[in-house]
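Colleague: Next one to model:
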Amino acid sequence: MGTEGATESQDMAAVEDVAHLLVRCLRAEGVEYVFGIPGEENIRFVDALNGSGIRYILVRHEQAASFMAEIYGRLTGRAGVCSATLGPGAINLLLGTADAMTNSAPMVALAAQGSLRRLHKESHQVIDLVSMFAPVTQWSARIECPDAVPEMTRKAFKTAQSERPGAVFLAVPEDIEAERPAEPLEPLQIDAVRAEAPSPSQIARAAEVLAAARHPVVLAGHGAARAGASAALVRFAEQLSIPVATTFHGKGVFPDDHPNALGAVGFMRHDYGNFGFDAADALLCVGYEIQEFDPVKINPNGDKRIVHIHRFPAEVDAHYPATVGVVGDPSQALDALAAALPDGLTYDSGSSEKIRALLDEELQYGRDSVAFPLVPQRVVTDVRTALDRHDIVLADTGAGKMWMSRLYPTYEPDTCLVSNGLSTMGFALPGAIAAKLARPDRRVLAMMGDGSFLMNSQELETAVRERIPLVVLVLVDQEYGLITWKMELELGRHSHTRFTNPDLVAYAESFGARGYRVEAAEQLLPVLRRALDDDGVSVIACPVDYSENLRLTDRLGGLHGPF
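Modeller: Below you'll find the model as predicted:
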């Protein structure tokens with residue numbers, strides 16, 4: 001080999017392969033964790049993570065990896081990253097990716113793919129992943145050129161972390177992963193997005209709507225929580241004496257112990273908070289997104305005047321006809337709107353007191369109940385007592401979620417997490433692992449029905465192995481209780497919802513976790529406190545009596561407003 005050939009060979013050796021370049025791009029984006037399972041087609045990527053400063057969290061199912069990435073993104077505002085191999089591994093990422101998309105959580109899903117030279121034909125483990133992920137992402141693409149890695153990575157994170165945030169999917173063919181760019185490349189510079197001020201003319205039009213209203217109500221949604229609008233909401237409510245409700249995703253953005261709090265709306269039937277909307281003639285919706293819950297529940301006739309405040313325009317819906325759309329930063333918009341209203345303008349927030357009293361009655365009923373199995377109100381009150389204001393509870397989908405969402409007093413945003421866009425089961429345990437990594441100073445509780453728990457219970461091993469302390473409270477009724485509830489309401493009977501469980505205490509202990517069995521109502525609170533104070537992984541099996549479900553809907557059906 002001549003001198004010229006030796007020099008060229010040395011230069012190419014200095015150019016890293018795509019796997020290492022991709023990892024450097026992830027590091028430049030501030031990625032701290034990648035959740036996943038390696039496969040034959042992405043071994044170079046997994047190997048490149050070693051020594052990169054990014055911690056690879058090996059999970060036991062790719063679905064759990066996608067939930068972890070979603071919850072990490074939701075709590076930090078930075079896209080969580082999950083990784084899988086091609087074919088079945090990638091397909092298993094699909095549920096959490098769709099959940100992140102519908103829950104407006106920033107997430108980047110990475111999957112291997114077969115080599116480019118075999119994608120045109122039927123081939124082992126190869127399916128069209130880009131087309132599969134396209135309907136549940138903001139952008140779905142395949143890296144087909146090594147030189148495109150910095151641009152495509154930057155676009156993936158910029159897209160996922162935009163407002164409205166969501167999921168992005170990138171496929172990395174196995175031959176591309178091993179290739180080298182034509183020359184050394186660097187990650188692209190990150191462009192920070194600034195909060196935008198609302199239009200003065202939009203604020204003026206919104207002020208006209210509110211000034212003409214007699215009984216306006218504020219609805220704060222997930223977008224208000226993401227934008228950090230809590231302080232502005234409190235200022236606005238106190239200046240105008242206006243009642244404020246939240247969606248399930250917005251819980252805590254307006255503290256439930258504030259005198260103007262209406263609680264959360266989104267329950268499947270007409271709940272207490274809905275009565276606050278029945279008499280409203282104007283709705284001020286701050287960061288509300290229609291996928292959080294159907295607006296027909298608060299505007300059944302489509303006749304209320306609506307002011308929509310968000311960083312993007314409102315979705316089109318017959319029951320959400322926005323009179324004025326204020327596009328911009330919610331905090332700036334609320335402060336500007338308050339300043340534009342006539343001096344001394346206030347409203348009657350008396351309904352808040354009545355609605356809070358009804359919620360307090362249910363909580364007191366729970367505190368006083370010694371029934372066993374436990375009534376769900378007792379579970380909610382004991383969880384609230386055991387957790388500090390800033391601790392995090394993830395309420396998995398099922399009857400337990402409905403009780404927590406409507407009844408659990410929440411004081412800070414993102415401290416009571418549910419899936420309400422896709423409303424999927426099984427997210428809470430893997431989500432709790434990510435929540436503890438994202439917020440290591442908070443205690444974390446996953447509250448799950450026994451149906452949800454067995455869907456991703458294998459992640460107990462991940463938590464134990466990675467030494468991530470958390471508590472799983474399993475509500476045991478040996479059935480898919482929410483479906484039973486719905487069938488009884490609609491059909492007057494139920495079927496095919498019952499199942500059996502393993503010994504959950506022994507099951508937890510087999511993973512190296514601590515197991516607790518609640519055998520009397522008064523045992524739950526001390527067991528919760530003990531488990532939460534323990535620096536390990538704990539599972540609490542707590543029998544629950546969901547006959548309260550139908551009693552609740554019967555009671556709500558007999559209520560009459562206005563309050």
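Colleague: low-confidence ranges in this structure?
Modeller: 1-14, 193, 268-269, 350, 558-563 (pLDDT under 70).
Colleague: now the helices for the stretch 201-350 of the chain?
Modeller: 222-226, 230-240, 272-278, 330-340, 350-368 (DSSP state H, counting those that start in this stretch).
Colleague: what does whatever helix or strand comes next after the longest one contact?
Modeller: So the one you mean is helix 350-368. Scanning forward in sequence from helix 350-368 by DSSP states H and E, the next helix or strand is helix 376-386. By C-beta atoms under 8 Å, 6 or more residues apart in numbering, the surrounding residues in contact with helix 376-386 are 362-363, 365-367, 369, 371, 393, 399-400, 403-404, 407-409, 445, 447, 473, 475, 521, 524-525, 528-529, 532, 542, 544-546, 548-549. (C-beta placed from N, C-alpha, C; glycine too.)
Colleague: For the stretch 51-200 of the chain, just list every one of the helices.
Modeller: 62-76, 88-92, 94-102, 129-133, 149-160, 174-178, 200-212.
Colleague: for the helices of the stretch 201-350 of the chain, which one sits closest to residue 209?
Modeller: Among the helices of the stretch 201-350 of the chain, helix 330-340 comes nearest to residue 209, with 9.9 Å by C-beta to C-beta.
Colleague: ok so, going back, okay, the helices of the stretch 201-350 of the chain in CSV with distance to residue 538 and mean neighbour count next?
Modeller: Below are these laid out as CSV (distance: least, C-beta to C-beta, whole Å; neighbours: other C-beta atoms under 10 Å):
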stretch, distance to residue 538, mean neighbour count
helix 222-226, 28, 27
helix 230-240, 31, 19
helix 272-278, 33, 23
helix 330-340, 38, 21
helix 350-368, 22, 17
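Colleague: quick one, which of these is nearest to residue 467?
Modeller: Closest to residue 467 of those is helix 222-226 (C-beta to C-beta; 29.7 Å).
Colleague: what does that closest one contact?
Modeller: 77, 103-104, 163-165, 230, 233, 246-247, 249-250, 252-253, 286-289, 292, 310-311, 330, 413-414.
Colleague: need the contact list for residue 465.
Modeller: Going by C-beta under 8 Å, 6+ apart, residue 465 touches residue 58.
Colleague: Now do it against residue 45, distance only.
Modeller: Distance, residue 465 to residue 45, using C-beta to C-beta, to the nearest Å: 21 Å.
Colleague: What's the end-to-end length of stretch 144-164?
Modeller: Terminal residues of stretch 144-164 lie 28 Å apart, using C-alpha to C-alpha, to the nearest Å.
Colleague: now it, how far from the centre of its chain.
Modeller: Mean-position distance between stretch 144-164 and its chain equals 22 Å (C-alpha atoms, centre = their mean, to the nearest Å).
Colleague: List the buried residues of it.
Modeller: Neighbour-count burial for stretch 144-164 flags 146, 148-150, 152-161, 163 (criterion: 16 or more other C-beta atoms under 10 Å).
Colleague: returning to what we had before: adding distance to residue 184, write the helices of the stretch 201-350 of the chain out as JSON lines.
Modeller: JSON lines is the format used below for the helices of the stretch 201-350 of the chain (distance: least, C-beta to C-beta, whole Å):
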{"stretch": "helix 222-226", "distance to residue 184": "37"}
{"stretch": "helix 230-240", "distance to residue 184": "45"}
{"stretch": "helix 272-278", "distance to residue 184": "58"}
{"stretch": "helix 330-340", "distance to residue 184": "43"}
{"stretch": "helix 350-368", "distance to residue 184": "61"}
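Colleague: Which of those helices sits closest to residue 207?
Modeller: Nearest to residue 207, of those and by C-beta to C-beta, is helix 330-340 at 4.0 Å.
Colleague: tell me the angle that closest one makes with helix 200-212.
Modeller: 60 degrees (axes from the mean of the first three to the mean of the last three C-alpha atoms, to 10 degrees).
Colleague: What is helix 330-340 packed up against?
Modeller: Using 3 or more C-beta pairs under 8 Å, 6 or more residues apart in numbering; DSSP states H and E, the elements in contact with helix 330-340 are helix 200-212, helix 230-240, strand 282-286, strand 305-310.
Colleague: what residues does the second one touch?
Modeller: Contacts made with helix 230-240 from outside it, assessed by C-beta under 8 Å, 6+ apart, are listed as 218, 220, 224, 242-244, 252-255, 258, 260, 286, 330-332, 334-335, 337-338, 341, 345-347, 349, 412-413.
Colleague: Compute the inter-axis angle for it and helix 200-212.
Modeller: Using the same axes, to 10 degrees: helix 230-240 against helix 200-212 is 40 degrees.
Colleague: Dump helix 230-240 to PDB, keeping only the CA atoms.
Modeller: C-alpha atoms of helix 230-240 as PDB (Å, rounded to 0.1, in the frame of the first residue of the first chain):
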ATOM      1  CA  SER A 230     -50.100  27.100  37.900                       C
ATOM      2  CA  ALA A 231     -49.100  30.500  39.300                       C
ATOM      3  CA  ALA A 232     -50.800  32.400  36.600                       C
ATOM      4  CA  LEU A 233     -54.000  30.300  37.000                       C
ATOM      5  CA  VAL A 234     -54.100  31.100  40.700                       C
ATOM      6  CA  ARG A 235     -53.500  34.800  40.100                       C
ATOM      7  CA  PHE A 236     -56.300  34.900  37.500                       C
ATOM      8  CA  ALA A 237     -58.800  32.900  39.700                       C
ATOM      9  CA  GLU A 238     -58.100  35.100  42.800                       C
ATOM     10  CA  GLN A 239     -58.400  38.400  40.900                       C
ATOM     11  CA  LEU A 240     -61.700  37.500  39.300                       C
END
